[in-house]
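> model the structure of this input:
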Amino acid sequence: METRKIQRVSNGTFTVSLPREWAESQGVTAGTVVDLHTHIDGLLVVQAPDREYDSAEETTVQVTDGPPNRVEQTLRAAYAGGHEAVVLDAADGLTPEQRRAVRRVTRSLAGMTVDEESDDRVVVRNLLDAGDVSVRQSVRHLQFVALSMHREATAALTGDGCAEAVTDRDGEADRLYAMVDRQFGRGLARLDEIDALGVTRQELFRLHATARELNRIADHAERIARVASAVDDPTEIPAADDVAAVAATAREAVTDAVDTTVADADAETAFAALAARDRVREETERIDRRLFEASDCEYRLTRALDSVRQTAEHAATVAHIGLRTAVRRGELAETQTGDTVDSGSDDGDDRSSASSDD
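You can find the predicted model right below:
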C-alpha cells in the first residue's frame, strides 16, 4: 500500500494521481474510462475495464455427443461462476437426453431459463438481477427449510414424521444455496454487484459461509430421513426417542448460531450455540456407547446419530464466525471468554470450518 496526497484544482475538484505501475499493468492511459465505486462500507475503489469479467457475461460451450450429465455440470458451473448467458452450440444437434438435462438444470436453479432454442443451439439465460435479491432473506429462508427438514426427519425416526417429505425438500435447499453462492462469486469479481445486493464485503462473506453450513445441515436431514425410511417400525427402537431429543438441542444451536451472523445477535448468543454443541457432543457419545453395548442394536441408528452430531458441529462453525464479528465490534473487550470457544473440530470428522475471516 502507498499513500497519495489529495490535490485541489482551480474549479474546486479534488484529484489524486494514479500509481504509474498500476496504470500500465491495467492498460490505463490518458482517456481510459475507469469505474469508480463508492462502496457502502466507505471505500472508494478505482477499477479498470475488466475484459475478463465482461467476456464472462456470456460464454459459448461446444457440445459433443457425450454424456448428458456433462451439459448439466457445465450449466451449474456457469451459474455458480456468475455468467449471465450460456450458449450451448452443437454442430450435430443436441440429443434428447441433453435437452432434458438442460430443462432439469433450469428448473432447479433460480432465475435460469431457456431463452433461445434450435436444432443445434440452446441459449440459457439468467434473469436474476442482484438488485432484486436479498441475500440475508435467502439465508433466512434456507435456515427455515433446513431446520424444517431436520425436524421432520428426526420425527420420522420415532414414527411421527414423513421421511419422504424431507427428501422432496432437499432440492429447495440446494436451489437457495446455489443462488447465494452465485451472488457471492459475482461479488468477488465486481464491487458493483455487492452494492446492488446492499451488503458489505464482510456481511456477504458471513452470509455465504452461513448458507454453506445450512445446506450441509439440510444434507444431514436427508441422511436422517433415509435412515428412518430404512427402518421397518421406528417405534420399536427405544433409542430413537433419545436421538430425536438430542437433535432438538442441535437445532437450538443452529438457530442461535445463525442469529449471530444474520441478525447481528450478541456474543452471548454465539456462546449459547457453542454450549449447545458441547451438550450434543456429550449426549451423542452417551447414546453411541449405549447402542454399541446393546445386543439388539439397530446399527443404522448410529448413522442418524452421527448426522445429529454433525449438525451441531456445522452450527458451531457459524457461531465462530459470529463470535469473530462480535470480537471485531468490541463486545468482548472486557469479557472473560473462558474455555467455551475452541478452534473448530478436534477430530477427523466431516466437520466444516470457515477457511477465511470475515
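
> what about residue 38, how many residues nearby?
By other CB atoms under 10 Å, 10 other residues sit near residue 38. Glycine gets a C-beta too; all of them are placed from N, C-alpha and C.

> distance of it from residue 195?
8 Å (CB to CB, to the nearest Å).

> cool, residue 88 as well?
With distances taken as CB to CB, residue 88 is found 32 Å from residue 195.

> those two - which one has more neighbours?
Set side by side, residue 88 and residue 195 show more neighbours around residue 88, with 23 against 18, by other CB under 10 Å.

> look up phi and psi at that one.
phi -100, psi 110 (degrees, to the nearest 10).

> one more: the one 5 residues further on?
With angles defined as degrees, to the nearest 10, residue 93 shows backbone torsions of phi 90, psi 150.

> does the residue lying closest to residue 149 once chain neighbours are set aside sit in a helix or strand, and which one?
Distances taken as CB to CB, 6 or more residues apart in numbering place residue 221 nearest to residue 149, at 3.8 Å, with adjacent residues excluded. Per DSSP states H and E: residue 221 is located in helix 201-230.

> so which elements touch the next helix or strand after that helix?
Under the assignment DSSP H and E, the closest C-terminal helix or strand after helix 201-230 is helix 239-262. Counting contacts by 3 or more CB pairs under 8 Å, 6 or more residues apart in numbering; DSSP states H and E, helix 239-262 packs against helix 135-157, helix 201-230, helix 267-293, helix 301-328.

> buried residues, the third one. List them.
Looking back up the chat, that one is helix 267-293. Residues of helix 267-293 classed as buried by neighbour count (16 or more other CB atoms under 10 Å): 267, 269-277, 280-281, 283-284, 287-288, 291.

> what mean pLDDT does that helix get?
Summarised as a single mean, pLDDT over helix 267-293 is 93.

> quick check: which ranges of this structure have low pLDDT?
Low-confidence segments of the chain (pLDDT under 70): 39-41, 50-56, 233-238, 294-298, 333-358.

> format the helices and strands packed on helix 239-262 as CSV; extra columns: distance to residue 251.
Formatted as CSV, the helices and strands packed on helix 239-262 follow (distance: least, CB to CB, whole Å):
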stretch, distance to residue 251
helix 135-157, 6
helix 201-230, 9
helix 267-293, 9
helix 301-328, 7
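
> residues contacting residue 83?
Going by CB atoms under 8 Å, 6 or more residues apart in numbering, residue 83 touches 56, 57, 58, 59, 126.

> I'd like the distance between the nearest residue to residue 90 once chain neighbours are set aside and residue 37.
Distance criterion CB to CB, 6+ apart; nearest residue to residue 90, sequence neighbours excluded, is residue 63 at 4.1 Å. Distance of residue 63 to residue 37, given as CB to CB: 37 Å.
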